[in-house]
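*Asks:* need a structure here:
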Amino acid sequence: MSMNGDEPTVGQLVANASKDLSSLVRSEIELAKTELKKTAIAAGTGAGMFAAAGFLALLAVILLCISAAYGLTAAGLHPAIAFLIVAGAFLLIGAILVFIGMRALKSAKGPTRAIETSKESVEALKAIGKGDDETYALPEPGVRR
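*Replies:* Numbers count the residues shown, from 1 in each chain. As a prediction, this is how the structure comes out:
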C-alpha cells in the first residue's frame, strides 16, 4: 500500500468526521430551540386566551347571580331576601360539591399491589445480600403472591 500525498490520513478523517458530527449536532440543537420557541409562544398565547375566557365567564356568573336576585326582587321579594336566597343556593351547591369530593377522596386508594411487591423485592434483595442459603426469586411487577 503506497501512501499518496493527496489522500488524508486516518487521523484527519476522524477529526473531520468529529467536526462534522459536532456541527450537525449544534445545528440540530439550534433547530430544536427555534421550533420550541415558536411552540412556547403559541402555547403561551393559547393559555392567555383560556385565562381571559375564564375571567369573562367568572364575570358572567357574577352578573347572572345578580340578575337572579333582581329577578326574585321583581317577583315581589325584598331585595335582601332575594340576595340571601341566591347566596344560600350557592352555599348549598358548594356543600354538595364538598360532600361529593370527600366521598371521592375516601374511595381513592394508593397503589397497594405495587407497594406490596416493592416490599417483597426489598426483602428478597436484603436476603440475597446477607447470603442466606434459601433461593429467593424477585417478584414480577404487578403479580400478587
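
*Asks:* just the element for residue 95, please.
*Replies:* Counting by DSSP states H and E, the element that carries residue 95 is helix 79-107.

*Asks:* after that helix comes which helix or strand?
*Replies:* Counting by DSSP H and E, the element after helix 79-107 in chain order, helix or strand, is helix 112-130.

*Asks:* now do the buried residues in the helix holding residue 95.
*Replies:* For helix 79-107, a neighbour-count test (16 or more other Cβ atoms under 10 Å) marks 82-83, 86 as buried. (C-beta placed from N, C-alpha, C; glycine too.)

*Asks:* in which helix or strand would I find residue 11?
*Replies:* Here residue 11, judged by DSSP H and E, is contained in helix 10-74.

*Asks:* mean confidence for that helix?
*Replies:* For helix 10-74, mean pLDDT rounds to 91.

*Asks:* now swap in stretch 91-110 and tell me
*Replies:* Stretch 91-110 comes out at a mean pLDDT of 92.

*Asks:* now it, how far from the chain's geometric center?
*Replies:* Offset of stretch 91-110 from its chain centre (Cα atoms, centre = their mean, to the nearest Å): 22 Å.

*Asks:* send me that stretch as PDB with only the CA atoms.
*Replies:* Taking C-alpha atoms only, stretch 91-110 is exported to PDB below (Å, rounded to 0.1, in the frame of the first residue of the first chain):
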ATOM      1  CA  LEU A  91     -73.700  27.700  49.500                       C
ATOM      2  CA  LEU A  92     -75.900  24.600  49.100                       C
ATOM      3  CA  ILE A  93     -74.300  23.800  45.800                       C
ATOM      4  CA  GLY A  94     -70.800  24.300  47.300                       C
ATOM      5  CA  ALA A  95     -71.700  22.000  50.300                       C
ATOM      6  CA  ILE A  96     -72.900  19.300  47.900                       C
ATOM      7  CA  LEU A  97     -69.700  19.500  45.900                       C
ATOM      8  CA  VAL A  98     -67.600  19.300  49.000                       C
ATOM      9  CA  PHE A  99     -69.500  16.200  50.100                       C
ATOM     10  CA  ILE A 100     -69.100  14.500  46.700                       C
ATOM     11  CA  GLY A 101     -65.400  15.400  46.700                       C
ATOM     12  CA  MET A 102     -64.900  14.000  50.200                       C
ATOM     13  CA  ARG A 103     -66.500  10.700  49.100                       C
ATOM     14  CA  ALA A 104     -64.400  10.500  46.000                       C
ATOM     15  CA  LEU A 105     -61.200  11.100  48.100                       C
ATOM     16  CA  LYS A 106     -62.200   8.400  50.600                       C
ATOM     17  CA  SER A 107     -62.700   5.900  47.800                       C
ATOM     18  CA  ALA A 108     -59.300   6.700  46.300                       C
ATOM     19  CA  LYS A 109     -56.700   4.100  47.300                       C
ATOM     20  CA  GLY A 110     -53.000   4.100  46.900                       C
END
